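1. Next input, structure requested:
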Amino acid sequence: MRTRSRLAGCALLFAAEVMLGFAEITAGGQEQKRKLDEVPLRPPNIILILTDGLGWNELGSYGNAFNKTPNLDRLAEQGARFAQGYAAAPAGRAARAAILAGQAPARVGIVNVLEANDGWFLSHERVTLNEALKPKDYVTGLIGKWGLTSDSDKKQGEPALHGWDEVILVETRPIGAGDAFHPYEHIPDARARSEGEYLTERLNQEAVDFVRRHRREPFFLLLSHYAPNSLAAGKPEKVKKYQAKAGAGKDGNNPELAAKLESIDEGVGAILEVLDEWNLAKETVVIFTSVYAGEQAGDPSAPLREGGIRVPLIVWWPAVVRARRTIETPVMGTDLLPTMLEIGEVKTRPDQPMDGVSWMPLLRGRGSMPRRNLYWHCPVEKPNPHSAGASGAARQADWKLIEYYGTGEVELYDLKTDAGERNNLAEENRSKAAELRKLLADWRQQTRPAEPARVIP
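-> From the prediction side, this is the model:
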């Protein structure tokens with residue numbers, strides 16, 4: 001199929017060259033020539049860069065003056081920055097499954113954080129975003145964290161079962177403290193390219209190599225960082241640099257986090273360089289976000305109280321997205337798959353309903369997305385670093401309700417006047433609280449929260 005598509009691509013290229021010559025003769029027309037030059041001859045390349053546990057307020061483009069992120073700031077300067085990007089769950093594994101399947105964690109059946117030997121995995125029956133792009137002959141690559149295999153049976157849920165063309169530096173067990181430098185204990189057969197190799201830098205190098213290998217065909221690359229999760233380490237020389245910086249350790253300024261983020265940012269710069277090197281910028285989309293926000297975003301000094309779910313989100317697409325845009329519409333991780341399908345002009349699958357919607361109207365700057373409510377379901381009884389225990393939430397326009405399943409208590413906030421969620425209006429506005437609570441209950445029923453897929457003992 002790919003051979004046929006390449007032949008078709010050659011035919012399109014020949015036709016475009018003929019049209020281009022005709023335009024130059026008839027229009028006299030440098031302007032017409034320029035417009036024809038900009039017409040893409042293949043589906044856009046898509047690079048999705050995921051971080052693990054990065055808070056919404058940790059980038060320079062989101063107002064952080066301590067962390068240095070010049071390349072990510074360049075993405076935002078030349079593209080669109082979403083002011084209200086949300087993870088689908090405050091738990092990394094659940095939020096990751098939602099991104100890859102385009103479905104709410106409850107529908108996927110993975111709603112918790114990773115725990116040793118819990119047996120949870122992403123079933124091969126779920127069509128993941130790389131599989132969904134295959135009808136347009138995308139070459140697909142996964143570099144870095146997968147996080148969705150079974151901890152008790154490594155063959156259950158492994159990425160190979162989800163149709164990736166290339167799988168590079170994927171873990172067999174959770175990456176924790178001490179795994180940031182070679183030898184990587186839970187990444188078998190990973191040969192170092194340099195002495196004392198740092199994992200984040202190696203992932204960046206692999207991403208650049210992937211782009212070079214597949215520069216002549218449409219590709220989808222998922223660069224999935226293990227950092228800046230609190231269990232990962234920063235490069236010592238970078239950590240020391242930030243420790244010596246004014247304000248270190250105050251107001252949420254974390255030198256370890258800053259060091260890890262700088263290494264991620266350097267990789268973004270390297271990717272932009274290789275795109276320029278091979279003249280791929282016009283036909284490439286780069287999306288940067290975090291799987292979930294993590295504990296770094298939960299600092300008491302932060303203006304918001306959404307430490308687990310509010311994430312940075314930047315889309316760089318020079319051919320389509322106008323520079324220096326800030327998009328205020330709330331969006332969610334489940335939207336990534338339908339958005340990328342529309343970018344690649346791929347039809348959605350009727351056998352796997354999407355809980356997300358495409359952002360294309362927002363990216364093109366024409367029209368708006370349909371009005372909708374956002375929902376979260378985290379039925380984890382034991383509190384984890386990112387959530388307060390079993391709870392759910394619903395957001396309707398500027399109203400946000402939080403329901404605690406164990407006690408039945410609810411909180412209601414008007415985010416328009418109280419973005420920090422300090423003034424609980426549940427008693428004052430009982431009718432709105434009751435309305436949102438019912439909407440949340442109805443949504444849970446519609447998504448049919450399932451028992452997670454498990455390995456049978």
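2. Please make it C-alpha for all contacts and neighbour counts, starting now.
-> Fine.
3. And for residue 239, the neighbour number?
-> Other residues within reach of residue 239, judged by other C-alpha atoms under 10 Å, total 19.
4. First-to-last residue distance for stretch 55-73?
-> Stretch 55-73 stretches 15 Å from its first residue to its last (C-alpha to C-alpha, to the nearest Å).
5. How about that stretch, which residues are buried there?
-> In terms of neighbour count (16 or more other C-alpha atoms under 10 Å), stretch 55-73 has its buried residues at 55-62, 66-73.
6. Run the chain-centre distance for it.
-> When distances are taken as C-alpha atoms, centre = their mean, to the nearest Å, stretch 55-73 is centred 17 Å away from the chain's centroid.
7. Give me the residues contacting it.
-> The contact list for stretch 55-73, computed with C-alpha atoms under 8 Å, 6 or more residues apart in numbering, reads 76-77, 247-248, 253, 258, 261-262, 265-266, 268-269, 290, 292-298, 307-308, 310-312.
8. Looking at those, which are in strands?
-> 290, 310, 311 (DSSP state E).
9. Quick check: beta-bridge partners of the last one?
-> Partner residues in beta bridges with residue 311, using DSSP bridges, are residue 85.
10. which one of the ones in strands among the contacts of stretch 55-73 sits closest to residue 434?
-> Distance ranking of those against residue 434, using C-alpha to C-alpha, places residue 310 first at 24.6 Å.
11. so the closest one touches residue 83, yeah?
-> No: counting by C-alpha atoms under 8 Å, residue 310 stays clear of residue 83, with 9.3 Å between them.
12. if you count what's nearby, which of the two comes out ahead?
-> residue 310 (28 against 20).
13. Apart from its neighbours in sequence, what residue is nearest that one?
-> Nearest residue to residue 310 in three dimensions, chain neighbours excluded: residue 86, at 4.7 Å (C-alpha to C-alpha, 6 or more residues apart in numbering).
14. what comes into contact with the helix or strand encompassing residue 94?
-> Under the criterion of DSSP states H and E, residue 94 resides in helix 92-101. For helix 92-101, the external contacting residues (C-alpha under 8 Å, 6+ apart) are 52-53, 87-89, 103-105, 108, 110-114, 122, 126-129, 147-148, 291-292, 294, 333-337.
15. pLDDT (mean, whole number) over that helix?
-> Averaged across helix 92-101, pLDDT comes to 94.
16. buried stuff in it?
-> Neighbour counts using 16+ other C-alpha under 10 Å place 92, 93, 94, 95, 96, 97, 98, 99, 100, 101 of helix 92-101 among the buried residues.
17. among those, which two are most distant?
-> Every pair of those checked by C-alpha to C-alpha; the farthest is 92 and 101, at 14.3 Å.
18. Please, where are all the helices along the protein?
-> 2-27, 30-37, 70-78, 92-101, 105-108, 129-132, 199-213, 236-243, 255-277, 336-343, 360-364, 430-447 (DSSP state H).
19. and the last one, what other elements does it pack with?
-> The elements that helix 430-447 packs onto, with contact taken as 3 or more C-alpha pairs under 8 Å, 6 or more residues apart in numbering; DSSP states H and E, are helix 105-108, strand 374-378, strand 391-396, strand 399-404, strand 410-414.
20. Do you know the pLDDT at the residue nearest to residue 310?
-> So residue 86 comes in at 97 (pLDDT).
21. tell me the contacts of it?
-> Applying C-alpha under 8 Å, 6+ apart, the residues near residue 86 are 292, 309, 310, 311, 330, 331, 332, 333.
22. related to what we said a few turns ago, nearest to residue 159 among the buried residues of stretch 55-73?
-> Using C-alpha to C-alpha, the buried residues of stretch 55-73 come closest to residue 159 at residue 55, 26.5 Å.
23. My understanding was that residue 264 contacts residue 202; is that so?
-> No: between residue 264 and residue 202 there is no contact under C-alpha under 8 Å: 10.6 Å.
24. out of the two, which sits in the more crowded spot?
-> More neighbours surround residue 264 than the other of residue 264 and residue 202, with 24 against 20 (other C-alpha under 10 Å).
25. how about the contacts of residue 86, which pair is most distant?
-> Greatest spacing in those, by C-alpha to C-alpha: 292 and 330 (15.1 Å).
26. Point out where the protein drops to low pLDDT.
-> In the predicted model, the chain carries pLDDT under 70 at residues 1-41, 113-119, 151-154, 174-178, 295-302, 381-389, 449-457.
27. how about the strands of the stretch 101-250 of the chain, start to end?
-> For the stretch 101-250 of the chain, the strands defined by DSSP state E, counting those that start in this stretch cover 139-144, 166-168, 219-224.
28. Could you single out the most deeply buried of the ones you listed?
-> strand 219-224 (a mean of 25; mean count of other C-alpha atoms under 10 Å).
29. Check the offset of that one from the chain's centre.
-> 11 Å.
30. name the helices or strands packed onto that strand?
-> strand 45-51, strand 139-144, helix 199-213.
31. Report how far apart the opening and closing residues of stretch 205-223 are.
-> Stretch 205-223: ends 11 Å apart by C-alpha to C-alpha.
32. which residues are in contact with it?
-> Residues contacting stretch 205-223 (C-alpha under 8 Å, 6+ apart): 42-50, 130, 137-144, 168, 203, 267, 270-271, 274-275, 278, 280.
33. next one: stretch 102-116
-> Here stretch 102-116 has contacts from 88-89, 91-95, 97-98, 101, 120-122, 126, 128-129, 151-152, 333-338, 353-356, 377-380, 444, 447-453, using C-alpha under 8 Å, 6+ apart.
34. buried subset of those residues?
-> 88-89, 91-95, 97-98, 101, 120-122, 126, 128-129, 151-152, 333-338, 354-356, 377-380, 444, 447, 449, 452-453.
35. Which phi and psi values does residue 252 adopt?
-> phi 80, psi 10 (degrees, to the nearest 10).
36. Any idea how many residues pack against it?
-> 17.
37. thinking again about what came up before, okay, the helices and strands packed on helix 430-447, which one's buried deepest?
-> Comparing the helices and strands packed on helix 430-447 by mean neighbour count (mean count of other C-alpha under 10 Å), helix 105-108 ranks first with a mean of 26.
38. and that helix, C-alpha only, in CSV?
-> Only the C-alpha atoms of helix 105-108 are listed here, as CSV (Å, rounded to 0.1, in the frame of the first residue of the first chain):
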residue,chain,number,x,y,z
PRO,A,105,-10.2,6.8,31.4
ALA,A,106,-13.4,5.3,32.8
ARG,A,107,-14.4,4.1,29.3
VAL,A,108,-10.9,2.6,28.7
